[in-house]
Structure formats: C-alpha cells, structure tokens
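[1] structure for this input, please:
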Amino acid sequence: MKILALYDIHGNIDALEAVLADPRAAAPDLVVVGGDAVPGPFCREVLDRLASLPVPVEWVRGNGEREVAAAAAAGPDAPEPDPADVPVVTARRTADRLGSERALALGDLPLTLLRDGILFCHATPRRDDEIITRISLSKRVEAALHLARSAFIVAGHTHQQDDRRLGVFRLVNAGSVGMPYEGDGAARWLWIEDGEPVLHNTEYDSVAAGERILAAGWPDQESITASLIDPTDPAEITELFERAAS
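    Here you go, the predicted model:
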C-alpha cells in the first residue's frame, strides 16, 4: 500500500499544490490528512483541493480543526476575540470563511486513524495538542505513546520532521506542508510504501507564498515569517517548543 501523509498544511494552498505536483507523491492508494489543514488563509481552497483528489482521503483531527469547530459553535454573536490572541483570531476567521456547517464538521474528525498497521494522529494518540519534539526525553515520549494501538505511529504538530525508535515504538513526524520550521521554507511530507516511511521535502517559492498569505490579511505574521519568509533556525524552534512542553 502507498500512503501520502500530509500534515499541518495550515491553509497554504501554494505549498499543497507543490507537493501534489511532486512526482514522488504521485499515485498513492490513500491520502491521510494528519490535522491542521486549517486554520489558514486559503482554508477553503485547501479543503476543496483535498476533496478533489482522485484517491481516498482520510483525516485525523488536529487542534486546528478542533479550534475552528469551536469558533463556529460559538456562533456569530460571540464576542470579538482579543486581537492579541492570534490562535483564537485565526480560528474565528477560518470558521467564518468556511461557513458554519463545514467548520463544525471538522470537530467531528477522529483523534486517530489506523491504516495498514500504522496509527496516524496529529500530536500524540491521546491528545491533539501534546508537544513532542526531536529532543524530548524518551521517557516522556514513551509515556505519551504507551496506549497506542500500534507500535508504528505517524504524527505532526511541531512542524519538524523526525523518525525515532523508542523501545517498541517507532514515531515518525511527517513535518509540515504549509508552515515548516526547518530553516528553508520547503514543504515537508511523508510517503509510506509497503510499511516503510520516507520523509520528503518539496522546494517551491515559499517566500512568495508567505508574502501572499500576509497580503491576504492573515494575522499570524510571526509564524509565517519564521517558517516561510525569513526562516528561523530550526534548533531555536525545537528548543522553544520543548520549553513550552515543560
């Protein structure tokens, strides 16, 4: 079986199109969208493009989908979010752009998906927002995985690729298609063929994509700049996330 795993697209349609045009991503038997396809500036375009694929597409819920659904559930009479609370603002804008029905449906996506003996989740099998980084201590990682239905787990959430073996577990982070914290802006994705994972990156004009995102009025300037326009040193991001997890 050939599986294309797309994680953390974050409404970056340019990055998604670049990956889908990459010959190495051609003709999968299944596409797994691993969460955080939204929020993002071109959320509707991303969801439409994924829905148009000529192969089965299955999803797991990321914290992004959960937050967008919660924004939709709050309804149009909900108080305007604090402009400084960027996650809440981006969730609200995405929900407004998608419309209530489509946004609410994102909250019903499963936390995990088991296919071909592989467990797909967004962050960890027990939570959609748990932070596991390249430098997380093995003891903490194994504790987060110990109830998993498979020893082979694919995740994302931290926007950095990784492939680790911890006791009986193999944890592969697919990286981020649309907002990679890898220092070069290239879209990251995962190809699995007959149970063997291969981490890939696809170069495209990520600076132009980031500038288009900001020109569209997207409020999360810091993340777009750090991932696409003027990429931050990945080690700095890893350490920042690890501190947040602690």
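
[2] residue contacts, the residue lying closest to A144 once chain neighbours are set aside?
    Across the structure, with C-beta to C-beta, 6 or more residues apart in numbering as the measure, the residue nearest A144 apart from its sequence neighbours is T124 (4.3 Å). All C-beta spots, glycine's among them, are computed from the backbone N, C-alpha and C. Neighbour list for T124: E130, I132, A144, L145, A155 [criterion: C-beta atoms under 8 Å, 6 or more residues apart in numbering].

[3] excluding chain neighbours, what is closest to H122?
    By the measure of C-beta to C-beta, 6+ apart, the closest residue to H122 outside its immediate chain neighbours is G35, 3.2 Å from it.

[4] I figured that neighbour was touching L113, is that so?
    No - if you go by C-beta atoms under 8 Å, G35 and L113 don't touch, sitting 10.1 Å apart.

[5] what do the two both touch?
    Looking at what touches both G35 and L113 (by C-beta under 8 Å, 6+ apart), the common residues are W59, V60, C121.

[6] hmm, V33 and the second one touching each other?
    Pointing back at V60 there. Yes - the pair V60 and V33 passes the contact test of C-beta under 8 Å, sitting 7.4 Å apart.

[7] related to what we said a few turns ago, now the residue nearest to A144, what are its backbone angles?
    The phi/psi pair for T124 (degrees, to the nearest 10) reads phi -140, psi 170.

[8] show me what it is bridged to.
    Following DSSP bridges, T124 is listed with bridge partners R127.

[9] how far away is it from G156?
    Note on T124: its distance to G156, by C-beta to C-beta, to the nearest Å, is 11 Å.

[10] how about the strands of this protein, start to end?
    Counting by DSSP state E, one finds strands in the chain at the ranges 2-6, 30-33, 57-59, 112-115, 118-121, 152-155, 162-166, 169-173, 187-193, 196-202.

[11] adjacent strands (with direction) for the first one?
    Just to be clear, that refers to strand 2-6. For strand 2-6, the paired strands and their directions (DSSP bridges) are strand 30-33 (parallel), strand 187-193 (antiparallel).

[12] nice, that's everything, thank you.
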